[in-house]
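In: Build the 3D model from these lines:
(chains A, B and C)
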Amino acid sequence: MIVEPYVKNYLSEHYGDDAYRTLAGYEAKGGFAGLKKAVALAPEQVTELVKTSGLRGRGGAGFATGLKWSFMPKTSDRTKVIVVNGDESEPGSFKDRLIMERGPFEVLEGLLIGAWAMGAQRSYIYVRGEYAEAIRALESAVAELYKKKLLGKNILGKKGFEHDVVVHSGAGAYICGEETGLLESLEGKKGQPRKKPPFPAQHGAFGLPTTVNNIETFAHVPFILERGVEWFKSRGTEKSPGTTLFGVSGHVERPGLFELPLGTPLREVIGHAGGVRGGRRLKGVMPGGLSMQILPPTELDVPMAEEFLSQKGTHLGTGGVMVMDESVCMVRVATVVSYFFRDESCGQCTQCREGTAWVHKLCQRIEQGRGTEADLRLLTDVPKLMEGQTICAFADAAAWPIQGLLRHFRSDFEAHLSEKKCPFPESFEL
Amino acid sequence: MRPETRAEIESLFERYPQKRGALLPAIYLVQAEKGFVDAESTRELAALFEIAPVEVHEVLSFYNMFYTEPQGRHHVYVCTNLPCSLRGARTLLAGLESHLGVHGGGTTRDGRITIGHEECLGSCGTAPVMRVDGRYHENLDLGAARRIVDELE
Amino acid sequence: MPTITIDGTEYEVPEGRMVLQAIDDLGLLMNGVDIPHYCWHPKLTIDGSCRLCQVEIEGMPKLQIACNTPVANGMKIHTKNDRVLAARQGVMELLLINHPLDCPICDQAGECKLQDYAFQWGVPESRTREPRRPAKKAVDLGPTIVFDQERCILCRRCVRFCREVPKTGELGVFNRGDESLLEVFPGSELDNPYSMNVADICPVGALTTRDFRFKIRVWFLDDVKSVCNQCSRGCNIVASRSNNNVYRFVPRRNDAVNETWMCDHGRMSYKLNAQGRVAAPRIDGREVSFTDAVKRAAELVRATLDAKAKIVGVASPFASNADLAAFRDLLTKLGAGSARFSVPRGEADDVLIEAEKAPNAAGCRALGMTESSDPVGRADLALVLGHTTTAEVFGDVGNIVLVDSHESALSARAAVVLPARTFLEKTGAFTNSRGLVQKFAAVVEPDFEAWSEADTLAQIAAAAGIS
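Out: Purely as a prediction, here's the structure:
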């Protein structure tokens, strides 16, 4: 189990310290200074502050957090709800788990700041069911906060500032990481994403005005309040300030987490992880989790921030960097990727339900040496039938990696066709 | 379901504006009794939540961590997504299945272990990884995995 | 009212509607503005998952589903440009890759939305080489519905219907992704008073009725508009006929009466038309010709009039307004006062089924007839339509002249019985419980001589010398 990143920064500085998981230990390191500053401001001022900071969501979509907070109705006779998305299931992504296990109070303090800003009375922290340790750490932290009256009524002595938190466990479904899929699951149903409109700020959890934010997003908020907007904007890039916990995995010497400013070049991120294992050559890198298009070795200088990655035809996603060396067969990768999306599709939309299965079957056949030119054409066409037309972005996430693999590694696929088997004997077993 | 389970479920209702919000936690509690949720329990849950049994079954069938069939005494799941596969997870799983005499996922004859694969467990930095009865075992090799599995009774 | 433009034509649409709904409100959906769709239904909640109704709306970068996009003033919509047609074709192709090639044995053929839309907007050739996904074939989902799980396109209309209309919620979709399957809870059935509506709304042949299974190809059927006669709701229906036989009833949309539904009992009542008919006129139990029976009835009327004895008229809430009006007029001429009538009653629900189990009690009331199930009392002659007023109350009546379509204890008791046409065999109108007068047209001809009540009474009056 990882207790801290190999490279730390403000977020993970104290993750290695077990005491940081207790309220006393957290406060000793400056915890709750941010909340205290927040409640000295008017709620709208806090939202403005977060907006000005430029904080972008860390759950994969990179939406401006302050802007999202401003969508909540200012006054409402209905309870306002915050939902924290702890369903981290993107392959290659393992940062939220660390934050929950080792820095739970950061999340809770950020959540409380959001509660103050948005006038929200209750929160649900939805944690994927497999993260038993994270659930325990959060529940323990929540219990401590109730004991010390930092949850419940009259928080920090502020009359009218009341907030309740429930930690809620998922049950094994990637699609519950999608904002409205999560809401459906929270409501006790299948995690099938909702059509939009309506949007969560108008009709969210249990029909109430809701804001959904990722675990890491909330974790940054106390630091922004405590140390100020200028401080926050001084690291990272102009459009993507702050740090993030990059998760590097696959064929590197030292896989793990690395808290680095957004905009750090991909080459440097991989460098922190010790570079490609055994001194081998790099074949390809997925920079943002399984859903984002792969990059060839020629693109290692790209700064790891959304505004730069999108110019290269991919995205930051959750910053899950998966490194593949020269032994890897990209058709096998395509098979692994397409199986995942086939398995995790919620099944509502025609394009996704049928498309993900078809793509997987095509990859399987090509990988097994039974593919034809027509199949390769289909592997280009079917993802196009899926993109941009579904209730949620899952179908896009399923289409993009396949398109990326075909774009940069078409020769791997063609080799399977011509040789009627996998021509990469050293590749990982399927 | 046992009276204690029912009582515990009922105590969860107040946490959610609509009682159905307590359904997933409730299923976990019922499942803890027998290791799976049978038809009778499904009907009891339906009655408790005032929904149709088919709606409960929909939820049971949607999520990986809910079971409607009897399970082995222990669950062993090896992650086989990309980062883990890149570090030999599938070879490890095949080796482990061979060791247990179960192929393509399933339960050992003596009902001791149900083994299978899972999707990304969020432990890519310490791959390969397996989840045994909810607990993660990381940085595995086949030897370590076999030892862990052999200790399960 | 907002104005929107669809394919270059402007339309004024109701406020606060979704695009698809608004087009339907105007009566143009698939009737001038063709936006094919599966999961959307005018009387169910919006689903949004089939994705077939995608259209291009200027100013919105992605295609939008018309079923879930609110109308906005000035909206410009394109329903048949290349981009929309390509998206449509994509959905059709993806739906067909796992759909079984059952058309030759599928009851839905000829009225199947998969066939229709594939023909018009689908791909010309199949590109898939993958084996199709096997699932349950032709299983009884309950007493009325046959289920073919392979044909299901997961539009979920049936799931929503069962939850929203009869509110019995028997259906669900299990699993996820391409393992999704429409199912009932293991061991239970689809069994509610409105179950057969799911066969209407299923766009394909996944849900069909056992009653209609393998009976006839729909392209041999002729559809005639009518009204159900099993209760005072008066659900609008279509009677499908071929070769002078009625093969089925199917509901017809009427937003003021039955929306798009009808109950199973009413739907199956088409069978009654061929069962237990009074097929020949009778005098004292002997079969005679129609003319002879009319003559005898006229004799009894003339005799009772001449003796200044009592004549009583008993009407039927199954008769049409014209029949009832003719009856009233005759009774007036006979000095018999106003008619009485009885209405059978039963259970009602809060969906469609009403307590009055006849279509036209309101028509009787509107003509000043009196509802009564008390004994008729002393009378020499009773002119009776139908048998809703049952035999026992005629204890003190001398002779009964009965005009009826179906046999009963009363037809055994009557001195003269004359076969009547049912509502499927004549043109007429019923007044439903809300006062709506609804017309129906003849669907089939009886294969024996029968006349409407009005025509029969006219013949009796003429033979009795009553002008």
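In: For the rest of this, base every contact and every neighbour count on C-alpha atoms.
Out: Fine.
In: from what I can see C:Val278 touches C:His406, true?
Out: Yes. Using C-alpha atoms under 8 Å, C:Val278 is in contact with C:His406, at 5.0 Å.
In: Please report how far the nearest residue to C:Asn273 once chain neighbours are set aside lies from chain A.
Out: With sequence-adjacent residues excluded and distances taken as C-alpha to C-alpha, 6 or more residues apart in numbering or on different chains, C:Asn273 is closest to C:Thr422, at 7.2 Å. Distance from C:Thr422 to chain A, counting by C-alpha to the nearest C-alpha, to the nearest Å: 47 Å.
In: For C:Thr422, grab phi and psi.
Out: The phi and psi values for C:Thr422, taken as degrees, to the nearest 10, are phi -80, psi 180.
In: SS state for C:Val393?
Out: Three-state call for C:Val393 (DSSP: H, G, I helix; E, B strand; the rest coil): helix.
In: That one contacts C:Ala379, doesn't it?
Out: No. C:Val393 is beyond contact range of C:Ala379, at 11.5 Å (criterion: C-alpha under 8 Å).
In: Comparing these two, which residue is more hemmed in?
Out: C:Ala379 (18 against 13; other C-alpha atoms under 10 Å in any protein chain shown).
In: Next up, the contacts around that one.
Out: The contact partners of C:Ala379, by C-alpha atoms under 8 Å, 6 or more residues apart in numbering or on different chains, come to C:Ala309, C:Lys310, C:Ile311, C:Val312, C:Asp396, C:Val397, C:Gly398.
In: ok, the last one to A:Gln192 distance?
Out: Distance from C:Gly398 to A:Gln192, counting by C-alpha to C-alpha, to the nearest Å: 72 Å.
In: now swap in the second one and tell me
Out: With the distance defined as C-alpha to C-alpha, C:Lys310 ends up 73 Å from A:Gln192.
In: go on, the fourth one?
Out: Relative to A:Gln192, C:Val312 is positioned 67 Å away (C-alpha to C-alpha).
In: So which of C:Lys310 and A:Gln192 has more stuff around it?
Out: A:Gln192 (24 against 17).
In: doesn't A:Leu186 make contact with that one?
Out: No. A:Gln192 lies out of contact with A:Leu186 (C-alpha under 8 Å); the separation is 11.1 Å.
In: Tell me how many other residues crowd residue 76.
Out: No chain specified, so I'll use chain A. Here the count is done by other C-alpha under 10 Å, and A:Ser76 has 12 residues near it.
In: ah, no, chain B please
Out: B:Val76 has 27 nearby residues by other C-alpha under 10 Å.
In: And stretch C:396-411, what's buried?
Out: C:397, C:399-408, C:410-411 (16 or more other C-alpha atoms under 10 Å in any protein chain shown).
In: So C:Cys106 is in contact with C:Gly205, correct?
Out: Yes. If you go by C-alpha under 8 Å, C:Cys106 and C:Gly205 touch, sitting 6.2 Å apart.
In: Between those two, which is the more surrounded one?
Out: Higher neighbour count among C:Cys106 and C:Gly205: C:Gly205, with 28 against 19, using other C-alpha under 10 Å.
In: three-state assignment of that one?
Out: C:Gly205 - assigned by three-state DSSP - is coil.
In: can you pull the contacts of C:Leu94?
Out: Counting by C-alpha under 8 Å, 6+ apart, C:Leu94 has contacts A:Thr350, A:Gln351, A:Glu354, A:Gly355.
In: Out of those, the closest to C:Pro100 would be?
Out: A:Glu354 (14.2 Å; C-alpha to C-alpha).
In: My reading is that the closest one lies in a helix. Confirm?
Out: Yes. Per three-state DSSP, A:Glu354 lies within a helix segment.
In: contact partners of stretch C:260-278?
Out: With contacts defined as C-alpha under 8 Å, 6+ apart, stretch C:260-278 is touched by C:43, C:193-197, C:228-230, C:235, C:246-254, C:352-353, C:404-407, C:418-420, C:422, C:424.
In: Could you break the chain into its assigned domains?
Out: In the absence of a named chain, this looks at chain A. Domain segmentation of chain A under automatic domain parsing yields A:18-233, A:243-325, A:330-419.
In: that's the other chain; I wanted chain C
Out: With automatic domain parsing as the reference, chain C has domains C:3-94, C:132-218, C:282-463.
In: Dump the ones you listed into TSV; add mean pLDDT as well.
Out: As requested, those are exported to TSV (pLDDT from 0 to 100):
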stretch	mean pLDDT
domain C:3-94	97
domain C:132-218	98
domain C:282-463	97
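In: could you dump those to JSON lines with distance to B:Ala94?
Out: Listed next are those as JSON lines, based on distance: least, C-alpha to C-alpha, whole Å:
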{"stretch": "domain C:3-94", "distance to B:Ala94": "34"}
{"stretch": "domain C:132-218", "distance to B:Ala94": "25"}
{"stretch": "domain C:282-463", "distance to B:Ala94": "57"}
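In: Compare the ones you listed and give me the one nearest A:His14.
Out: domain C:132-218 (40.7 Å).
In: Is there proximity between the closest one and chain A?
Out: Yes. Applying C-alpha under 8 Å from any C-alpha of the partner chain, one finds domain C:132-218 touching chain A at C:Leu154, C:Arg176, C:Gly177, C:Asp178, C:Glu179, C:Ser180.
In: Right, I'll call it a day here.
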